[in-house]
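S.K.: fold the following, please.
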Amino acid sequence: MQALNPLKTPSFLQKIQWVADPVKYMESAAQQYPDLFTANVIGFGNKLVFVNHPQGQQEILTNDRKKFAALGKENRILQPLIGDYSIIMLEGDRHRRRRQLVMPSFHGDRMRSYGELICNITEKVFNQLPTDKPFSARSATQDISLQVILQTVFGVHEGEQSQQLKQRLAIMADLFRSPFTSSFLFFPFLQKDLGAWSPWGKFLRDRQQLDELLYAEIAERRRNNDADRIDILSLLMSAHDEAGNPMTDQELRDELMTLLFAGYETTATAMAWSLYWVHQKPEVREKLIQELDTLGDSPDPMSIFRLPYLTAVCNETLRIHPVAMLTFPRMVQEPVELLGHSLEPGTIVVGCMYLTHQREDLYPEPKQFKPERFLERQFSPYEFIPFGGGVRRCLGEALAVFEMKLVLASILSQYQLARADNQLEVPRRRGVTLAPARGVQMVITGKRARQESLPSLATM
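M.R.: Got it, this is the predicted structure:
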């Protein structure tokens with residue numbers, strides 16, 4: 001079968017480039033073929049058609065079940081982390097039912113109850129940071145994000161159990177922090193347990209220790225069933241399938257791992273990037289602080305969430321640096337036409353969020369950070385696509401955006417920050433995501449007093 005717009009680079013080299021420097025790999029491919037190309041990469045199948053034209057993305061993501069199937073088995077790269085029974089591994093009706101089960105946790109009143117929690121955690125973490133000493137913004141946002149996840153997903157607050165979970169999760173997440181260590185996820189032949197000192201051996205032992213904590217928590221909940229708890233684990237434990245069966249311990253464990261990894265690492269990265277850009281662009285920071293000051297001393301989290309310029313800053317952060325590069329893969333089910341090209345059944349296609357967000361025709365000067373883009377026009381869900389789309393769209397999107405806005409607003413309202421140096425941050429592979437290579441080095445220069453209210457930016 002003839003590959004569609006194939007790249008000329010030898011297959012093995014493409015795989016190395018994709019793992020080592022995905023941004024360079026994608027950008028040079030898009031110079032040859034601006035809308036779609038066939039890549040010989042590794043992770044979600046070996047031959048993938050990367051699609052970054054909005055019309056192509058729409059076609060794939062709106063014909064999700066018939067022409068393009070979002071099969072769980074194509075996501076095997078994540079299996080060592082999240083297991084076989086995670087929502088990411090399920091497909092068809094089982095996948096749809098699990099989504100319906102988890103979805104309410106991230107909407108409505110639940111979200112309101114999380115608002116205060118997020119602001120308090122942010123303040124607690126930043127109050128512990130030293131003044132006039134460089135710190136890694138990504139480490140700080142990771143700490144915030146991890147505590148938010150532990151309290152919303154597990155309902156676990158202070159105490160020894162919380163500390164142990166926090167420690168174990170942080171160790172696990174940090175294992176794939178560079179392109180080199182990420183390669184263990186991509187190349188199965190590297191997944192050999194050569195003892196506790198070997199990278200994969202260490203991963204397996206760390207995972208085992210985290211599993212023991214998770215299963216102990218599940219067992220404890222089964223013994224002491226508290227109907228008043230509103231955390232996500234309690235919600236999952238009280239749910240039953242159509243035959244009346246509750247989720248098994250293994251299913252609960254895999255779902256928890258998915259929520260922990262998908263929700264904690266990604267949000268931490270997005271928040272670190274937002275701090276980087278706001279302090280890279282003084283005019284953006286000034287405008288944002290003016291807008292925040294219009295809300296008075298102790299604003300309600302929902303009022304912060306609705307601020308137009310804050311929303312634009314967060315959207316532009318997710319545009320210029322989407323944390324995930326690709327949508328989950330879809331497999332072609334019947335002969336289809338895509339952007340004038342014929343695709344055969346069995347072809348695997350992915351939407352390339354990163355390249356879509358770099359298109360000059362959608363975002364003039366795409367390398368420039370310009371929040372105003374999002375005030376000047378509406379983008380369709382296939383032009384601005386940081387959370388994927390279709391049946392595999394990110395479940396935690398609402399919580400992630402809510403958290404990102406509240407954390408950024410809390411930090412800027414209360415602290416004077418500066419970049420610790422003038423070095424530019426670049427995105428680098430971290431597992432299956434992109435994160436700032438240097439962790440965004442910053443300094444707290446002092447506390448901030450609110451300026452007197454200025455007219456709202458929305459009315460200026």
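
S.K.: all strands for the stretch 1-150 of the chain, in order.
M.R.: 36-40, 47-51, 68-69, 135-136 (DSSP state E, counting those that start in this stretch).

S.K.: most neighbours per residue, which of those strands?
M.R.: Of all the strands of the stretch 1-150 of the chain, strand 47-51 has the most neighbours on average by mean count of other C-beta atoms under 10 Å, namely a mean of 24. Yep, even glycine has a C-beta here, placed from its N, CA and C like the rest.

S.K.: name the strands paired with it and say parallel or antiparallel.
M.R.: strand 36-40 (antiparallel), strand 348-351 (parallel) (DSSP bridges).

S.K.: would you reformat those as CSV and include distance to residue 297 and mean pLDDT?
M.R.: CSV is the format used below for those (distance: least, C-beta to C-beta, whole Å; pLDDT from 0 to 100):
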stretch, distance to residue 297, mean pLDDT
strand 36-40, 51, 94
strand 348-351, 43, 94
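
S.K.: of those strands, which is nearest residue 140?
M.R.: Within the strands paired with strand 47-51, the stretch nearest residue 140 is strand 348-351; the backing value is 31.6 Å (C-beta to C-beta).

S.K.: what comes into contact with that closest one?
M.R.: Contact with strand 348-351 is made by 44-45, 47-52, 56-57, 60-61, 68, 74, 326-332, 338, 343, 382, 385, 388-389, as judged by C-beta atoms under 8 Å, 6 or more residues apart in numbering.

S.K.: how about the CA coordinates for it, as CSV?
M.R.: Taking Å, rounded to 0.1, in the frame of the first residue of the first chain, the C-alpha atoms of strand 348-351 are listed here in CSV:
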residue,chain,number,x,y,z
ILE,A,348,-3.8,4.9,11.6
VAL,A,349,-4.4,8.7,11.7
VAL,A,350,-3.7,11.3,14.4
GLY,A,351,-4.6,14.9,14.7
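
S.K.: what residue ranges in the stretch 351-460 of the chain score low on pLDDT?
M.R.: Scanning the stretch 351-460 of the chain with the threshold set as pLDDT under 70 gives 450-460.

S.K.: helices along that one, start to end?
M.R.: 353-356, 373-376, 397-414 (DSSP state H, counting those that start in this stretch).

S.K.: pick the most buried one from the ones you listed.
M.R.: Among the helices of the stretch 351-460 of the chain, ranked by average contacts under mean count of other C-beta under 10 Å, first place goes to helix 353-356 (a mean of 25).

S.K.: right, and the helix or strand after the helix of greatest length in the chain?
M.R.: Identified as the longest helix of the chain according to DSSP state H is helix 249-280. Remark: after helix 249-280, the chain's next helix or strand is helix 282-293, criterion DSSP states H and E.

S.K.: next, the angle helix 397-414 makes with that next one.
M.R.: 100 degrees (axes from the mean of the first three to the mean of the last three C-alpha atoms, to 10 degrees).

S.K.: tell me which residues of the next helix-or-strand element following helix 282-293 are tucked away?
M.R.: Sequence-wise, the next helix or strand downstream of helix 282-293 (DSSP H and E) is helix 301-305. For helix 301-305, the neighbour count (16 or more other C-beta atoms under 10 Å) marks 301, 304, 305 as buried.

S.K.: try stretch 276-295
M.R.: Here stretch 276-295 shows 276-279, 281, 284-285, 287-295 as buried, counting by 16+ other C-beta under 10 Å.

S.K.: just the terminal-to-terminal distance for that stretch.
M.R.: 24 Å (C-alpha to C-alpha, to the nearest Å).

S.K.: and for stretch 68-86?
M.R.: Stretch 68-86: ends 21 Å apart by C-alpha to C-alpha.

S.K.: got the buried residues for it?
M.R.: 68-72, 74-75, 77-79, 81-83, 85-86.

S.K.: cool, and stretch 180-190?
M.R.: Neighbour counts using 16+ other C-beta under 10 Å place 181, 182, 183, 184, 185, 186 of stretch 180-190 among the buried residues.

S.K.: ditto for stretch 124-135
M.R.: Under 16+ other C-beta under 10 Å, the buried positions of stretch 124-135 are 125, 126, 129, 135.

S.K.: coming back round to it: of all the helices of the stretch 351-460 of the chain, which one is nearest residue 213?
M.R.: Here helix 397-414 is closest among those (C-beta to C-beta), at 22.5 Å.

S.K.: thinking again about what came up before, need the buried residues of helix 301-305 in JSON lines (columns: distance to residue 109 and pLDDT).
M.R.: Shown next, in JSON lines, are these (distance: C-beta to C-beta, whole Å; pLDDT from 0 to 100):
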{"residue": "301", "distance to residue 109": "13", "pLDDT": "92"}
{"residue": "304", "distance to residue 109": "17", "pLDDT": "95"}
{"residue": "305", "distance to residue 109": "14", "pLDDT": "94"}
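
S.K.: pick the one among the residues you listed closest to residue 407.
M.R.: residue 304 (10.2 Å).

S.K.: check contacts around that closest one.
M.R.: 292, 295, 310, 405, 406, 409.

S.K.: 6 Å - rerun?
M.R.: 406, 409 (C-beta atoms under 6 Å, 6 or more residues apart in numbering).

S.K.: what do you get for residue 19?
M.R.: By C-beta under 6 Å, 6+ apart, the neighbours of residue 19 are 179, 183, 186.

S.K.: cool, and residue 273?
M.R.: Counting by C-beta under 6 Å, 6+ apart, residue 273 has contacts 317, 321.

S.K.: below-threshold pLDDT in the stretch 51-200 of the chain: ranges please.
M.R.: Short version for the stretch 51-200 of the chain, where the test is pLDDT under 70: 64-65, 107-108.

S.K.: residue ranges for the helices of it, please.
M.R.: 54-62, 79-82, 92-102, 109-127, 137-149, 160-174, 179-186, 199-223.

S.K.: next, the buried residues of the fourth one.
M.R.: For helix 109-127, a neighbour-count test (16+ other C-beta under 10 Å) marks 110, 111, 114, 115, 117, 118, 119, 121, 122, 123, 125, 126 as buried.

S.K.: same list (those residues) but as JSON lines, adding distance to residue 349.
M.R.: Output for the buried residues of helix 109-127, formatted as JSON lines (distance: C-beta to C-beta, whole Å):
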{"residue": "110", "distance to residue 349": "34"}
{"residue": "111", "distance to residue 349": "33"}
{"residue": "114", "distance to residue 349": "35"}
{"residue": "115", "distance to residue 349": "38"}
{"residue": "117", "distance to residue 349": "39"}
{"residue": "118", "distance to residue 349": "36"}
{"residue": "119", "distance to residue 349": "41"}
{"residue": "121", "distance to residue 349": "39"}
{"residue": "122", "distance to residue 349": "39"}
{"residue": "123", "distance to residue 349": "44"}
{"residue": "125", "distance to residue 349": "41"}
{"residue": "126", "distance to residue 349": "43"}
